[in-house]
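**Q** Sequence unavailable; structure follows:
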């Protein structure tokens with residue numbers, strides 16, 4: 001009969017998330033995680049088969065934490081712009097988790113359809129709001145979302161890496177100008193969908 005786990009999966013992931021939030025992904029070793037739990041590394045591997053599995057669970061937990069930020073946008077108007085604000089706030093307040101969730105290579109993501117899946121309900125709610133509030137067909141709503149998301153991601157990356165520290169007023173202005181410019185461009189009918197070449201996933205060994 002296998003030994004009863006000393007810690008639950010949720011307890012291990014919570015400790016790992018706290019560790020990464022403070023020190024970055026490089027600090028997530030079995031020894032340091034065990035120390036954070038007040039134990040040796042052994043109990044970790046009664047729940048997880050490897051540290052790679054722990055890392056993936058922490059990545060998912062980081063994205064769930066981001067969703068708690070994004071959910072606050074539902075109480076503001078316009079919702080879509082506030083989601084962008086919350087994304088950048090997440091980058092400023094949780095830079096290590098932002099880097100983990102948005103700035104580390106993920107072999108499961110090859111194109112923007114995969115990014116929608118990664119972002120989960122946050123992305124689909126944004127698309128619904130854009131369609132509703134700006135009377136856009138779904139494809140135009142996706143084009144607007146993708147352009148503004150890339151712009152927002154870039155601002156967040158600058159904040160998360162300490163390259164820039166924009167004020168709230170600056171962020172509001174940057175997001176507003178980009179959104180309006182893109183919306184006008186799409187409404188003008190001049191928007192052409194680019195030919196996207198998906199990233200080739202590596203062959204399985």
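**A** On my side now, so go ahead. Computed from a predicted structure; not experimentally measured. Numbering: from 1, shown residues only.
**Q** Give me the buried stretch members for the lowest-mean-pLDDT helix or strand in the chain, please.
**A** In the chain, no helix or strand scores lower on mean pLDDT, DSSP states H and E than helix 112-119, which sits at a mean of 79. Neighbour-count burial for helix 112-119, with 16 or more other CB atoms under 10 Å as criterion, is recorded at 112, 115, 116, 118, 119. Backbone N, C-alpha and C define where each C-beta goes, glycine included.
**Q** what's the offset of that helix from the middle of its chain?
**A** 10 Å (CA atoms, centre = their mean, to the nearest Å).
**Q** Beyond it, next helix or strand please.
**A** helix 121-134 (DSSP states H and E).
**Q** List the contacts of that next one.
**A** 66-67, 70-71, 74, 78-80, 83, 115-116, 136-138, 141-142, 144-145, 183 (CB atoms under 8 Å, 6 or more residues apart in numbering).
**Q** quick one: average confidence on the helix or strand just after that helix?
**A** Reading on from helix 121-134 to the C-terminus, the next helix or strand found by DSSP H and E is helix 138-160. Averaging pLDDT along helix 138-160 gives 94.
**Q** so after helix 138-160, what's the next helix or strand?
**A** Following helix 138-160 in sequence, per DSSP H and E, is helix 168-187.
**Q** What's the ChimeraX syntax to select whichever of the contacts of helix 121-134 are buried?
**A** Remark: buried members of those, expressed as a ChimeraX selection using 16+ other CB under 10 Å:
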select :66,70,79,80,83,115,116,136,141,142,144,145,183
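**Q** so where's this structure shaky on pLDDT?
**A** 1-4, 106-110, 190-205 (pLDDT under 70).
**Q** so what does the helix or strand hosting residue 16 touch, helix or strand wise?
**A** Element membership for residue 16, per DSSP H and E: helix 9-23. Packing partners of helix 9-23 (3 or more CB pairs under 8 Å, 6 or more residues apart in numbering; DSSP states H and E): helix 30-37, helix 51-70, helix 95-102.
**Q** would you turn the buried residues of helix 112-119 into JSON lines with distance to residue 58?
**A** Listed next are these as JSON lines, based on distance: CB to CB, whole Å:
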{"residue": "112", "distance to residue 58": "24"}
{"residue": "115", "distance to residue 58": "19"}
{"residue": "116", "distance to residue 58": "22"}
{"residue": "118", "distance to residue 58": "15"}
{"residue": "119", "distance to residue 58": "17"}
